[in-house]
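A.B. asks: Here is my input, please return the structure:
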Amino acid sequence: MILSSGEQTRRKLLSLAGRSFLFAVTSAAALAVLAIIFFIARDALPFFRASGVGEFFFSKAWYPAHEPPQFGAAAIFAGSFLVTGAAVVLAVPPGIFAALCMSDILPFKVSQVLKPVIEMLAAIPSVVYGFFALTVVAPFLQDSGRWLPGNIEIVSGVNALTASVILGVMALPTIVSVSEDALQAAGRELREGSYALGATRAETLVNVVIPASMSGICSAVLLGIMRALGETMVVWMASGNAAQIPKPWYNLLQPVRTLTATIAGDMGEADQMTGSAHYHVLFAMGFCLLLFSFVCNLAGEWMVARQRKRLRGG
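C.D. replies: Next up is the predicted model:
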């Protein structure tokens, strides 16, 4: 087809405009993340310049209202990692088992009904989970202490265990959905080849399907970790908000305080107009959360690349 010079110019301009629009749309998310990192780092650096990192990371004295103020966040970091770790331990095994059940054991029609129901858990507002923790889980846990071995006295039902249980439930939809998609992506060819060699269903799942889907399962676990670590409302309402390291450190029956709850609870009290140290230390906590999420993403990419290389026989 012979086109006039005007028509060719018009088509080139339309093609350039279309590519530019698509590039702008795909770049918007990356630019938004970079902007968030820039603005949080900008307000976090003044604290590190003025106070350093020693007290912030290694001291347990969190007294922002004292004179002089003390900003030791070691207990807050410990509370965040304790609650997140316990939530992941509670959520990952049932999440992966549920994904295996839906992908390879249950009938297709049943799994198609169960998956949306599980994903509906992610649509429940976090404040509803917080109210459920306060009104149901916390009283039940406090009353059940006398039934535990040794007749353990639980002083308060709002503690690390209550927050961990609710966070585990909140992380389940992400872990189940992403893991189930990864297991389905393994394909029927691997399963049928394993069955043709005489393997049972259990042997096929353990030795073929799970290793082939390991990168997706690891991504699901990392997403679950970030979901639990970044949650604010539930830990603010159900963790007890005590800036302390439990004794022993793994005691989930004691109140703790997390980074996100501290940021949410103290931001209204910090003097934003004068740029106080209390204001900047909250941004320092947010910056640490961003760095941890970044490290988790890098770890996920590394595991995916390693798994692909291993499956290719590299």
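A.B. asks: Would you confirm that residue 55 contacts residue 69?
C.D. replies: No. Assessed by CB atoms under 8 Å, residue 55 is found out of contact with residue 69, at 10.5 Å. C-beta here means a position set from N, CA and C on the backbone, and glycine is covered the same way.
A.B. asks: in this structure, what spans have low per-residue confidence?
C.D. replies: Counting by pLDDT under 70, the chain contains low-confidence ranges at 1-3, 145-153, 270-275, 307-308, 310-314.
A.B. asks: And the strands in it, which stretches?
C.D. replies: 62-63, 70-71 (DSSP state E).
A.B. asks: how about the helices of the stretch 1-150 of the chain, start to end?
C.D. replies: Residue ranges of the helices in the stretch 1-150 of the chain, as given by DSSP state H, counting those that start in this stretch, are 5-51, 54-58, 74-100, 108-119, 126-132, 138-143.
A.B. asks: Give the burial count for residue 236, as a bare number.
C.D. replies: 21 (other CB atoms under 10 Å).
A.B. asks: quick revisit: please identify which of the strands of the chain is closest to residue 229.
C.D. replies: Residue 229 sits nearest to strand 62-63 of all these, at 19.0 Å, using CB to CB.
A.B. asks: List the strands paired with the closest one, with their directions.
C.D. replies: Strand 62-63 has these partner strands in its sheet, going by DSSP bridges: strand 70-71 (antiparallel).
A.B. asks: re the thing from before, kindly reformat the helices of the stretch 1-150 of the chain as CSV containing mean neighbour count and distance to residue 154.
C.D. replies: As requested, the helices of the stretch 1-150 of the chain are exported to CSV (neighbours: other CB atoms under 10 Å; distance: least, CB to CB, whole Å):
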stretch, mean neighbour count, distance to residue 154
helix 5-51, 12, 36
helix 54-58, 13, 30
helix 74-100, 21, 16
helix 108-119, 13, 30
helix 126-132, 16, 18
helix 138-143, 16, 5
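A.B. asks: Kindly state which of those helices is positioned closest to residue 232.
C.D. replies: Closest approach to residue 232 among the helices of the stretch 1-150 of the chain (CB to CB): helix 126-132, 7.2 Å.
A.B. asks: what does that closest one rub up against?
C.D. replies: Helix 126-132 is contacted by residues 166, 169-170, 231-234, 236-238 when judged by CB atoms under 8 Å, 6 or more residues apart in numbering.
A.B. asks: Redo the residues you listed as CSV? Include distance to residue 193.
C.D. replies: Output for the contacts of helix 126-132, formatted as CSV (distance: CB to CB, whole Å):
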residue, distance to residue 193
166, 42
169, 37
170, 38
231, 41
232, 47
233, 47
234, 44
236, 50
237, 50
238, 48
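A.B. asks: Report the distance from stretch 82-96 to the chain centre.
C.D. replies: Remark: stretch 82-96 is offset 11 Å from the chain centroid, using CA atoms, centre = their mean, to the nearest Å.
A.B. asks: Kindly compare burial across the strands of the chain and name the winner.
C.D. replies: strand 70-71 (a mean of 18; mean count of other CB atoms under 10 Å).
A.B. asks: Pull the distance from that one to the chain's centre.
C.D. replies: 27 Å.
A.B. asks: Check stretch 106-120 too.
C.D. replies: A distance of 23 Å separates the centroid of the chain from that of stretch 106-120, by CA atoms, centre = their mean.
A.B. asks: and what of stretch 159-173?
C.D. replies: 11 Å.
A.B. asks: Show me which positions of that stretch end up buried.
C.D. replies: 159-173 (16 or more other CB atoms under 10 Å).
A.B. asks: Restricting to C-alpha, output that stretch in CSV.
C.D. replies: C-alpha atoms of stretch 159-173 as CSV (Å, rounded to 0.1, in the frame of the first residue of the first chain):
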residue,chain,number,x,y,z
ASN,A,159,-0.4,-9.5,73.6
ALA,A,160,1.9,-10.7,70.9
LEU,A,161,0.0,-14.0,70.5
THR,A,162,-3.3,-12.3,69.9
ALA,A,163,-1.8,-10.0,67.3
SER,A,164,0.1,-12.9,65.7
VAL,A,165,-3.0,-15.1,65.3
ILE,A,166,-5.0,-12.3,63.6
LEU,A,167,-2.0,-11.4,61.4
GLY,A,168,-1.7,-15.0,60.4
VAL,A,169,-5.3,-15.1,59.3
MET,A,170,-4.9,-11.9,57.4
ALA,A,171,-1.8,-13.3,55.6
LEU,A,172,-3.5,-16.5,54.6
PRO,A,173,-5.3,-15.2,51.5
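A.B. asks: Now for the residue nearest to residue 190 when sequence neighbours are not counted, how many residues are close by?
C.D. replies: With sequence-adjacent residues excluded and distances taken as CB to CB, 6 or more residues apart in numbering, residue 190 is closest to residue 208, at 5.4 Å. A count of nearby residues for residue 208, using other CB under 10 Å, gives 18.
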